[in-house]
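Enquirer: Show me the folded form of this:
(2 chains)
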Amino acid sequence: MSTTGINWFKYSSPQALYPLAGRMIPWFAAFALGLIGVGLYVGFFVAPTDVTQGDAYRIIFVHVPAAWMSMFLYVIMAIWAGLGLGLNARPSFMMAQAIAPTGAMFTFLALFTGSMWGKPTWGAWWVWDARLTSELILLFQYIGIILLRSSIDDLRRADRASAVLALVGVINVPIIYFSVRWWNTLHQGASVSITAAPTMAGTMVTAMLVMMFGFWMYSIAVTLARMRCVIVERERQPSWGKQASMPDVVEAR
Amino acid sequence: MQWGSLAEFFAMGGYGLYVWPSFGVTALCMGGEVLAVWRRHAAAAGSRDES
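Expert: Predicted structure coming up:
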């Protein structure tokens, strides 16, 4: 471990996480590029034109994966936040911190691509439908969590406060998911579900799922990379570093 | 493959104005995020003499 030059966390697990993440990132990035490439190819050149929606439906290949990631990432962020609170584990808080911006970005993309799809099919960029409204609230939740963290100087308090906010807000995820069933929404129901046969052509589903796995791999790669930033940035913060690694820091300089 | 020509592909059956911004903005956001994290890492690691 010391041979990699990262010997400044002798007694805490970020020391092990940093090089481990560094080794994992290229693999996830390569899988992401490959899967997104295949997904785009199948989506644009193999999947047929939709009978009712024409080629506007092809927005689904970014819209659905982005929307899924916005919810998945929130749940995973909340799980890390909960683990951080329960175990008082700093790496868990770091993961939660690293996930939030990517989750916010995918939430924005889900809303943006949805609006691009809504205009030609519904005739409106935006409607105050339960699905759209709850997804917009999710974006505000992500932004709120990021802002709350950045507004508190004390890292331990920032970790705990944003973790509590993330955990409380997880209630919105099932609301988003089931909104199309619970309310009479303009937004269509699920095209693909575990319990029923898909209502789309095989190649369309294939392209969408491949894109989704690609977005998963992308999310893992980019959040691991951000966690490495967080590790280095926190290591420089005296309030955090003094516990385990302050002598190492001085030594390293 | 259902595209007769490149122009037909870009037209997306008349929905190009909606399809391409969706994919373009998604690509910009993801590419921009990668660049931002890259820079953040360079800034953080550089300031502590470690790559």
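Enquirer: near chain A, anything from the helix ranked longest in chain B?
Expert: Ranked by number of residues, the top helix in chain B under DSSP state H is helix B:16-46. Yes - Helix B:16-46 comes into contact with chain A when judged by Cβ under 8 Å from any Cβ of the partner chain, the residues involved being B:18-19, B:21-23, B:25-26, B:29-30, B:33-34, B:37-38, B:40-41, B:44-45. (C-beta placed from N, C-alpha, C; glycine too.)
Enquirer: In the chain, where is pLDDT below threshold?
Expert: Since no chain was named, I'll use chain A. In the predicted model of chain A, residues A:1-12, A:192-199, A:237-253 satisfy pLDDT under 70.
Enquirer: meant chain B actually
Expert: Those would be B:1, B:47-51, if you go by pLDDT under 70 across chain B.
Enquirer: Filter the residues of helix B:16-46 next to chain A down to the buried ones, PyMOL style.
Expert: Filtering the residues of helix B:16-46 next to chain A down to the buried ones (16 or more other Cβ atoms under 10 Å in any protein chain shown) takes a single PyMOL command:
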select buried, chain B and resi 18+19+21+22+23+25+26+29+30+33+34+37+40+41+44
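Enquirer: mind listing what the residue positioned nearest the centre of chain B touches?
Expert: Within chain B, the residue whose C-alpha comes closest to the C-alpha centroid is B:Ala27; the distance, by Cα atoms, centre = their mean, is 1.9 Å. Contact partners of B:Ala27, counting by Cβ atoms under 8 Å, 6 or more residues apart in numbering or on different chains, are absent.
Enquirer: longest helix anywhere in chain A?
Expert: Taking DSSP H as the assignment, the helix of chain A that covers the most residues is helix A:202-236.
Enquirer: Now do it: distance to the chain's middle.
Expert: Relative to its chain's centre, helix A:202-236 lies at 7 Å (Cα atoms, centre = their mean, to the nearest Å).
Enquirer: One more: stretch A:71-87?
Expert: In terms of Cα atoms, centre = their mean, the centre of stretch A:71-87 is set 12 Å apart from its chain centre.
Enquirer: Is chain B within reach of it?
Expert: No - residues of stretch A:71-87 are not located near chain B by Cβ under 8 Å from any Cβ, the shortest gap being 12.6 Å.
Enquirer: which residue packs closest to A:Ile60, ignoring adjacent ones?
Expert: Computed as Cβ to Cβ, 6 or more residues apart in numbering or on different chains, the closest residue to A:Ile60 that is not its neighbour in sequence is A:Met208, at 6.0 Å.
Enquirer: on that earlier part again, also compute the angle for the longest helix of chain B relative to helix A:202-236, please.
Expert: Counting by axes from the mean of the first three to the mean of the last three Cα atoms, to 10 degrees, helix B:16-46 points 30 degrees away from the direction of helix A:202-236.
Enquirer: ok, residues contacting stretch A:125-142?
Expert: Counting by Cβ under 8 Å, 6+ apart, A:67, A:70-71, A:74, A:100-101, A:103-104, A:107-108, A:110-111, A:114-115, A:118-119, A:165-166, A:169, A:172-173, A:175-176, A:179-180, A:182-183, A:185-187 sit against stretch A:125-142.
Enquirer: and with 7 Å instead?
Expert: Residues outside stretch A:125-142 that contact it (Cβ atoms under 7 Å, 6 or more residues apart in numbering or on different chains) are A:70, A:74, A:100, A:103-104, A:107-108, A:110-111, A:114-115, A:118-119, A:169, A:172, A:175-176, A:179-180, A:183, A:185-187.
Enquirer: Could you export that stretch as CSV, CA atoms only?
Expert: Presented in CSV, the C-alpha positions along stretch A:125-142 are these (Å, rounded to 0.1, in the frame of the first residue of the first chain):
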residue,chain,number,x,y,z
TRP,A,125,-43.0,20.9,-22.4
TRP,A,126,-44.3,20.5,-18.8
VAL,A,127,-47.4,19.5,-17.0
TRP,A,128,-48.0,19.4,-13.2
ASP,A,129,-48.5,15.7,-13.3
ALA,A,130,-47.7,13.6,-10.2
ARG,A,131,-44.7,11.8,-11.9
LEU,A,132,-43.2,15.1,-13.2
THR,A,133,-43.8,17.0,-10.0
SER,A,134,-42.3,14.3,-7.7
GLU,A,135,-39.3,14.0,-10.0
LEU,A,136,-38.9,17.8,-9.8
ILE,A,137,-39.0,17.6,-6.0
LEU,A,138,-36.3,14.9,-6.2
LEU,A,139,-34.1,17.5,-8.0
PHE,A,140,-34.7,20.0,-5.2
GLN,A,141,-33.9,17.3,-2.6
TYR,A,142,-30.5,16.6,-4.3
